[in-house]
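[1] 3D model of this:
(chains A, B, C and D)
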Number of protein chains: 2
Amino acid sequence: MTKPTVHDIAKHAGVSLATVDRVLNARPGVRQNTIAKVQKAVTQLGYVRDTYAANLSRRRQYRFVFVLPEGPSQFATTIKSAVREAAVSHIVDRVSLTTLEVPAHDPHAIVRLLQNLNTQKPDGVAIMAQETPQIRDAIARLKQDGTAVVALVSDLPNTSRDNFIGIDNIAAGRTAALLMGRFLSSQGEILIVTNSMRSRDSLERRLGFDNVIASEFSGLTALPSVESFDDHRRTANIIEDVVASRPNLVGVYSMGFGTGPLLDILRQSGRLRDLTVLAHELTPTTRQALLRNEIAAVIMQDVGHLVRSSMRILRAICDDQPIFEAQERIRIEVVLRENMPDA
Amino acid sequence: MTKPTVHDIAKHAGVSLATVDRVLNARPGVRQNTIAKVQKAVTQLGYVRDTYAANLSRRRQYRFVFVLPEGPSQFATTIKSAVREAAVSHIVDRVSLTTLEVPAHDPHAIVRLLQNLNTQKPDGVAIMAQETPQIRDAIARLKQDGTAVVALVSDLPNTSRDNFIGIDNIAAGRTAALLMGRFLSSQGEILIVTNSMRSRDSLERRLGFDNVIASEFSGLTALPSVESFDDHRRTANIIEDVVASRPNLVGVYSMGFGTGPLLDILRQSGRLRDLTVLAHELTPTTRQALLRNEIAAVIMQDVGHLVRSSMRILRAICDDQPIFEAQERIRIEVVLRENMPDA
DNA sequence: CAATTTTTGAGGAACGTACCTCAAAAAACA
DNA sequence: TGTTTTTTGAGGTACGTTCCTCAAAAATTG
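    Numbering: from 1, shown residues only, chains lettered A, B, ... in the order given. Take a look at the predicted model:
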C-alpha cells in the first residue's frame, strides 16, 4: 500500500537497480526489450518518481529569470515586488530568481539582454514584452539552448515560447463591456483610453469590448481609442476635448496603464462623478479610486499567482512533467469596492 | 553562496552534528548555553531546514481528512471532486486524503464521526459544518490529541480550530449588494432566498447585503429572507406568492444552495427575464444560467484553491511553519458570463 | 577528591533518487 | 569457434535530514 520506489520496480521487473535507473533517466545501453520490461513494471506498480528526493540527489537548482519592462508603470512594479516576495519566501522549492528590467519599447535592448542571458544559460525565462521579429529570434535561440520560456501577461503566440501565463484579453475586454453595459442603463458614449494600441493586450481588449457592446448594448457607442503614449500633457488635451465636446459621454474604459493620470484629468473636468469608469489592474491608484467610488470596477489578474504559476510551470517544463492546469489558470477577476483583496 | 546545511551550522557553532540536531528538533540533553550557540549560528547563516529532505528522512506521511456535508448539494459535490482531484494529482507532497461525509444537520452524527476519527489520529482535519456546542467539544478533543483542525467554507470562530479557509461572508454579501445596486438603476424590491438562516454564512451574507443596500441604495428594499429548508414544494408556493404579490420586485439574491429550483420557479412565473438575479457558487446550474443571461452574476470562491489551501495550511500547522498568507487568501470572485472559468 | 550525572561527540544507517565504476554476463560478430 | 561489443549487475557514494548507539568529556554532586 506504500508508494513504490525504484527498488520495487527493479524487483518487479526482474532487473537490477542500475538498469531501472538507466531506463528512467533515458541513459543509453539498455535493450529495447528490457526497457519495455521496466516500463511495464512502472505502469503496473504506478510508480511516480519522488522529485524531491531526485532533486536532492542531483543537487538540482533551477535558475529562472524574469524579464520585465523597466520604468514607473505601477503594474510592472507590482509584478517586480511579487517576484521579490517569491524569491525570499521559498514557496517554490530550489529556484533562484533574478529580475532583469528592459526598456519597454526598445526591442533591440531586449534582444541584447536575452543574448547575454544565453551565455549564462538559465533554466527558464519568463518574459513580459511585445512581440517583434527580433524577440521571436531571441526566444528561438533560448529554446535551442534548452531554456524553458514562458510569456508573461502578454502572449507571444508566434514564437517558440512553451507557455503563456496570463489572462485571455479578449475575454477581459468582453467582461469589461458586459459590466459597462449592465452598469449603464442609459444611452451614451464610452471613452476608451490606453497607452498604445500597438500592444497586443490593448488590441485584444478593445476587440472583445467592441464585440459585446455592438451585439448587446445598442444604446452605447464606443469611441475611438485614445492613446496616451506616456505623454500626459498631450493626453490631457485630447481627453479634455473629448469630455467637453461630448455631453453624452457616460463611461470610460481604461484598458492599459496610466489610469492615475486619466483619473486626474477626469476629476478636473468635474465630470468624473457622472461617469462609469472601468480600469485594469489593482494598483494603489485604482484601489483608492475604488474606495472613493470613482471607479466602478477593476478587472485584474492576481499578480502573485502569475509569478508563482510561472515558477511552477517553468519547473514543470524543465523536468518535463505535466502541468496541473486547474491550479495554473489565471482568472479574470472583477474587483468592486467590496471584494477588494487587501494589499 | 550556497544554502547552509546542518553541517555548516555545526561547524560555525563549533559543536557536533548530533548537538545541532538535538537543538533543531528540540530534543533534551543540551545546555542552555549550547542551545544559544546553535541558534546564533542558525540565524547568522540564515539556515532554513530543507523540509523535503527532512520528510524524506523521517518518512513523513501527512494523513488529512476532509469532513463534508453529505447529500446532493452541488457545491459540496464540487468540493468533493476537488478533493478527489487533489488526492490523485500529487500537487501537495506526502499527503494522503480521505473524505468523510456526514448528514449536514445532525450535529450528533458529526460528533460521533469526529470521535471515531480521534481513534485513528489523523494529522489534520478540514471541517465544513455549522457550529454547535457538540462540534465545539469534538474539535477541542481533536486539538488536544494534537490534530490540526481547519474550518472550511463556514468558519467555526468559537472553537479551537487553527484556521479558517474561506471567504469573508459579510464582504460577500456587501459585494452582492453593490452589484445589485449598480445593476438596478430603478427602484424596487429584492427577494432574498436561502436554504436556512440558521447557517452562519447566510446570516453574514444577509448582514452585509442589507448594510450596503440600506446605506447606498435607498431606492431598493430587501425583503425578508425566504428559507427553503430543502423543501421545494413549500418554497415554490412562498416564492410564487411573493412574485405574484409584488409587482415591484426587481431583483433576486440567492444566498445559499438551491439556486437551481429557485430558477425553475422564477422561470415558470414568467418574470425571470425582468429580474436581476445574483447567486453564489459556480455550479453546472448557475453556469448554464449565466450563459442564458438568466443570472447577472455569480459570487464564488475557487473550490480547487480552497482544497489546496487547506492541505498546505494543515501541513504548515503540523510542521509549525509559517503560512504564506498571500497565497492562501481565498478571494471573493465575481463571475459574469464573460469571465467564467471553464469547467 | 571521587563518584555520579549531564552534556557532547563521533559515527552509522536510513529515506528515495542519481550517478559512478568495474566486472560479469549475454549477444553479436567473425 | 573465439573475439568483440553490448547489455546488465553489484556495489558504492552522495544529497540533507533524522534518529540511533556508545563512548568520552564536562559539569555537578557528595
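[2] for the rest of this, base every contact and every neighbour count on C-alpha atoms.
    Will do.
[3] contact partners for the closest residue to DNA strand C within chain A?
    Closest residue of chain A to DNA strand C, CA to the nearest atom of the strand: A:T5 (3.2 Å). Contacts for A:T5 were tallied using CA atoms under 8 Å, 6 or more residues apart in numbering or on different chains; they are A:Y47, A:R49.
[4] what helix or strand is A:I238 located in?
    Element membership for A:I238 (DSSP states H and E) is helix A:232-245.
[5] what lies in contact with that helix?
    So helix A:232-245 is in contact with A:V226, A:E227, A:S228, A:L249, A:P261, A:L262, A:I265, A:L266, A:S269, A:R271, going by CA under 8 Å, 6+ apart.
[6] filter these down to the ones in helices?
    Counting by DSSP state H, the part of these found in helices is A:P261, A:L262, A:I265, A:L266, A:S269.
[7] hang on, A:V20 packs against A:A36?
    No: with contact defined as CA atoms under 8 Å, A:V20 does not reach A:A36; the gap is 10.8 Å.
[8] quick one: check stretch A:310-322 for contact with DNA strand C.
    No: if you take CA under 7 Å from any atom of the strand as the test, stretch A:310-322 misses DNA strand C, and the best it gets is 9.7 Å.
[9] so how far is that stretch off the chain centroid?
    16 Å (CA atoms, centre = their mean, to the nearest Å).
[10] in that stretch, which residues are buried?
    Buried positions in stretch A:310-322, judged by neighbour count with 16 or more other CA atoms under 10 Å in any protein chain shown: A:S310, A:M311, A:R312, A:I313, A:L314, A:R315, A:I317, A:C318.
[11] from those, which ones fall inside strands?
    With strands taken from DSSP state E, there is no overlap with the buried residues of stretch A:310-322.
[12] which strands and helices lie in contact with the worst-scoring helix or strand of chain A on mean pLDDT?
    Within chain A, no helix or strand scores below helix A:107-120, which has a mean of 84 by mean pLDDT, DSSP states H and E. Here helix A:107-120 is seen to pack against strand A:95-102, helix A:133-144 when contacts are counted using 3 or more CA pairs under 8 Å, 6 or more residues apart in numbering or on different chains; DSSP states H and E.
[13] how much does the last one deviate in direction from helix A:107-120?
    For helix A:133-144 against helix A:107-120, the angle by axes from the mean of the first three to the mean of the last three CA atoms, to 10 degrees is 10 degrees.
[14] who's in contact with helix A:133-144?
    Residues contacting helix A:133-144 (CA under 8 Å, 6+ apart): A:107-108, A:110-111, A:114-115, A:118, A:148-149, A:158-161.
[15] of those residues, select the buried ones using a PyMOL command.
    Buried residues among those (16+ other CA under 10 Å), as a PyMOL selection:
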select buried, chain A and resi 107+110+111+114+115+118+148+149+159+160+161
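[16] which members of the contacts of helix A:133-144 are the farthest-apart pair?
    Spanning the widest gap among the contacts of helix A:133-144 are A:H108 and A:A148, at 21.2 Å by CA to CA.
[17] I'd like the distance between A:T235 and A:G251.
    17 Å (CA to CA, to the nearest Å).
[18] neighbour count for the two, which is higher?
    A:G251 (24 against 20; other CA atoms under 10 Å in any protein chain shown).
[19] which strand residues bridge the more buried one?
    A:I190, A:T276 (DSSP bridges).
[20] next one, pLDDT for it please.
    A:G251 is assigned 97 on the pLDDT scale.
[21] in this structure it contacts A:E189, no?
    Yes: A:G251 lies in contact with A:E189 (CA under 8 Å); the separation is 6.6 Å.
[22] for A:L262, grab the count of nearby residues.
    A:L262 has 19 neighbours, counted by other CA under 10 Å.
[23] same question for A:N339.
    21.
[24] if I pick A:R271, what's in contact with it?
    A:V243.
[25] next one: the one 4 residues further on
    Under the criterion of CA under 8 Å, 6+ apart, the contact partners of A:L275 comprise A:L249, A:V250, A:G251, A:V252.
[26] 6 Å instead, please
    A:V250, A:G251 (CA atoms under 6 Å, 6 or more residues apart in numbering or on different chains).
[27] before we move on, what about A:G258?
    A:G258 neighbours (CA under 6 Å, 6+ apart): none.
[28] try 10 Å this time
    A:73-75, A:193-195, A:228-232, A:279-280, A:285 (CA atoms under 10 Å, 6 or more residues apart in numbering or on different chains).
[29] could you redo those residues as CSV and give each row distance to A:E216 and neighbour count?
    CSV is the format used below for the contacts of A:G258 (distance: CA to CA, whole Å; neighbours: other CA atoms under 10 Å in any protein chain shown):
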residue, distance to A:E216, neighbour count
A:S73, 34, 13
A:Q74, 33, 18
A:F75, 31, 17
A:V193, 21, 27
A:T194, 23, 26
A:N195, 27, 21
A:S228, 28, 23
A:F229, 31, 13
A:D230, 33, 15
A:D231, 34, 11
A:H232, 33, 14
A:A279, 21, 26
A:H280, 22, 25
A:T285, 31, 15
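[30] which ones among those map onto strands?
    A:V193, A:T194, A:A279, A:H280.
[31] would you mind listing what in the stretch 201-343 of chain A touches DNA strand C?
    So the stretch 201-343 of chain A never meets DNA strand C (CA under 7 Å from any atom of the strand).
[32] so which residues on the stretch 201-343 of chain A come close to DNA strand D?
    Residues of the stretch 201-343 of chain A lying near DNA strand D (CA under 7 Å from any atom of the strand): none found.
[33] name the nearest residue to the residue of the stretch 201-343 of chain A found nearest chain B, sequence neighbours excluded.
    Proximity of the stretch 201-343 of chain A to chain B (CA to the nearest CA) peaks at A:E338, 5.0 Å away. Excluding the flanking residues, the one nearest A:E338 by CA to CA, 6 or more residues apart in numbering or on different chains is B:T175, at 5.0 Å.
[34] the one you found and B:Y253 touch, don't they?
    No: B:T175 is beyond contact range of B:Y253, at 11.5 Å (criterion: CA atoms under 10 Å).
[35] between these two, what contacts are shared?
    With CA under 10 Å, 6+ apart as the test, B:T175 and B:Y253 both reach B:F209.
[36] now stretch A:151-168: buried residues?
    A:151-156, A:159-168.
[37] actually stretch A:90-101, not the one I typed
    A:D93, A:R94, A:V95, A:S96, A:L97, A:L100, A:E101.
[38] quick one: the fourth one and B:D50, what's the gap?
    Right, A:S96. 15 Å.
[39] do the same with the fifth one
    With distances taken as CA to CA, A:L97 is found 18 Å from B:D50.
[40] ditto for the third one
    For A:V95, the distance to B:D50 equals 13 Å [CA to CA].
[41] ok, A:L207 to DNA strand D distance?
    51 Å (CA to the nearest atom of the strand, to the nearest Å).
[42] my guess is that residue contacts A:R174. True?
    Yes: using CA under 10 Å, A:L207 is in contact with A:R174, at 8.1 Å.
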